[in-house]
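# would you be able to build a 3D model of this:
(one chain, ligands or ions: 1)
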Amino acid sequence: MRINEHFAKLPGSYLFPEIGRRVRAYAAAHPDARVIRLGIGDVTEPLAPAIVEAMHAAVDEMGTREGFHGYGPEQGYDFLVEAIRANDYAARGIDIAADEIFVSDGSKCDSGNVQEMFAAAARVAVTDPVYPVYVDSNVMAGRTPAAGPDGRYPGFVYLVGDESNGFQPAPPPDSVGPVDVVYLCSPNNPTGTVATRAQLEAWVAWARAHDTVILFDAAYESYISDPSLPRSIYEIPGARSCAIELRSFSKRAGFTGVRCAFMVVPKDVTGVDPSGERVPLHKLWARRHTTKFNGASYVVQRGAAAAYSPAGLAQTNAQIAFYMENAKLLHAGLTASGFTVFGGVHAPYLWLRTPGGATSWDFFDRLLGECQVVGTPGAGFGPAGEGYFRLSAFNSRANIEEALARIQRQFGPGRA
Ligand code: MLT
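Purely as a prediction, here's the structure:
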């Protein structure tokens, strides 16, 4: 069998398994160490009671002849799709039709699968640093030659996010040439920064003028507390014709282990076929979704819908507020220890400049070895992440406080 040779262009392992490998090796060599994990952004609070109750009831239903569900609708059950449409969109004055919503089993899969709609030769733009799935899934699909010595894939357009632009790169100048699709993520993973309305307006105007599609990953939208900051790309006029939006229940309702997400593909977004004819991406995605996916499970969708009930909303909002209080503590404590900290105000991630200009993997080893705290090296998110480090606010309050105390002891004033 001839293999897909493009896999050879990828780093040996995905970022988070590599971190897991290093942490396991450390823990094996130091069996008494109590390691605190602020690396992968995985929620830690138990599922909200309203969600648990809804899932229990759904399991009971499934055990009856009348309430049993086999294959469901591929795009999601009406009760969930309608809850999404009404709460996430209509309530915010956004016109999204129920059949433009595609429920799935996770945003990681959606963000990896969405590129199946692009031409093999499509030119992809990503921000740098970036959630690695956007890059790796396009590498696997053969859209670029191997990475150069600078760690960048020559087939992609990199838009650098740095301190000068607040880690929110602007649309590229025309000199970069045509771009078919750009991946944006706000609130941003990994930098924890968030795009303003003016910044998203600039993106939408640029995408419409250049016939580019925006893939807008809004997995962390529920962490935005400032009402002037957009939570959906569709809050920007004109976005319906140029943007696909990804949303997830993982970080908003604690579903990282339950799995449920959705993608919005408005019927106004089109691409061109080789003859130049315009084709709605909705048609392609509906074809893809119904061919390769048989729907998220009934029990899971009942749980997701319960996140929109009054009790579910109150309980999940309290969890988000809890994680954001963690983020606030980390931000204040790290700043007091002399770190330069970004993000963490409308996102559960903090982005630090590594002290003393250390490389991000060196700082990872130091933090693990000296503080038994795990974070994520910025370089794992792309070349522009070098010199930075991500900490996640997902953990118990006790662990956040303990991690901070250890970091302060090791790096606080006079120590670094
Ligand atoms: C992260 O740590 O970046 C996230 O957990 C990744 C993900 O959601 O897949």
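
# let me see the domain layout of this structure.
Per the record, the chain has its domains at 5-46+311-411, 69-308, by automatic domain parsing.

# make JSON lines out of these and add mean pLDDT and distance to the ligand.
C-beta here means a position set from N, CA and C on the backbone, and glycine is covered the same way. Output for the domains of the chain, formatted as JSON lines (pLDDT from 0 to 100; distance: least, CB to the nearest ligand atom, whole Å):
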{"stretch": "domain 5-46+311-411", "mean pLDDT": "96", "distance to the ligand": "3"}
{"stretch": "domain 69-308", "mean pLDDT": "98", "distance to the ligand": "4"}
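
# turn those domains into a markdown table, columns for distance to residue 55 and mean neighbour count.
Formatted as a markdown table, those follow (distance: least, CB to CB, whole Å; neighbours: other CB atoms under 10 Å):
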| stretch | distance to residue 55 | mean neighbour count |
| --- | --- | --- |
| domain 5-46+311-411 | 11 | 18 |
| domain 69-308 | 4 | 19 |
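
# so can I have a markdown table of the ones you listed showing distance to residue 63?
As requested, the domains of the chain are exported to a markdown table (distance: least, CB to CB, whole Å):
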| stretch | distance to residue 63 |
| --- | --- |
| domain 5-46+311-411 | 23 |
| domain 69-308 | 11 |
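
# next one: the nearest residue to residue 269 once chain neighbours are set aside from residue 213, what distance?
Spatial nearest neighbour of residue 269, chain neighbours left out: residue 281 (4.8 Å); criterion: CB to CB, 6 or more residues apart in numbering. Distance, residue 281 to residue 213, using CB to CB, to the nearest Å: 7 Å.

# what do you get for residue 19?
Taking CB to CB, one finds residue 19 at 32 Å from residue 213.

# quick check: closest non-adjacent residue to residue 206.
Nearest non-adjacent residue to residue 206, counting by CB to CB, 6+ apart: residue 171, 3.6 Å away.

# which ones are touching that neighbour?
Contact analysis of residue 171 by CB atoms under 8 Å, 6 or more residues apart in numbering lists 182, 202, 203, 206, 207.

# between all of those, which two are separated the most?
Largest separation among the contacts of residue 171 by CB to CB: 182 and 202, giving 12.1 Å.

# check which helices and strands the helix or strand that contains residue 291 sits against.
Under the criterion of DSSP states H and E, residue 291 resides in helix 281-292. Judged by 3 or more CB pairs under 8 Å, 6 or more residues apart in numbering; DSSP states H and E, the packing partners of helix 281-292 are strand 101-104, strand 270-272.

# common neighbours of residue 281 and residue 213, please.
Listed as contacting both residue 281 and residue 213 by CB under 8 Å, 6+ apart are 244, 269, 271.

# just to revisit the earlier point, send the alpha carbons of the helix holding residue 291 over as PDB?
Provided in PDB are the C-alpha atoms of helix 281-292 (Å, rounded to 0.1, in the frame of the first residue of the first chain):
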ATOM      1  CA  LEU A 281     -20.100  25.600   0.600                       C
ATOM      2  CA  HIS A 282     -23.300  24.600   2.400                       C
ATOM      3  CA  LYS A 283     -24.000  22.100  -0.300                       C
ATOM      4  CA  LEU A 284     -20.500  20.600  -0.100                       C
ATOM      5  CA  TRP A 285     -20.500  20.400   3.700                       C
ATOM      6  CA  ALA A 286     -24.000  18.800   3.800                       C
ATOM      7  CA  ARG A 287     -22.800  16.200   1.300                       C
ATOM      8  CA  ARG A 288     -19.600  15.600   3.300                       C
ATOM      9  CA  HIS A 289     -21.400  15.500   6.700                       C
ATOM     10  CA  THR A 290     -24.100  13.100   5.600                       C
ATOM     11  CA  THR A 291     -21.500  10.800   3.900                       C
ATOM     12  CA  LYS A 292     -18.900  10.600   6.700                       C
END
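
# show the subsequent helix or strand relative to that helix.
Taking DSSP H and E, what comes next after helix 281-292 is helix 298-306.
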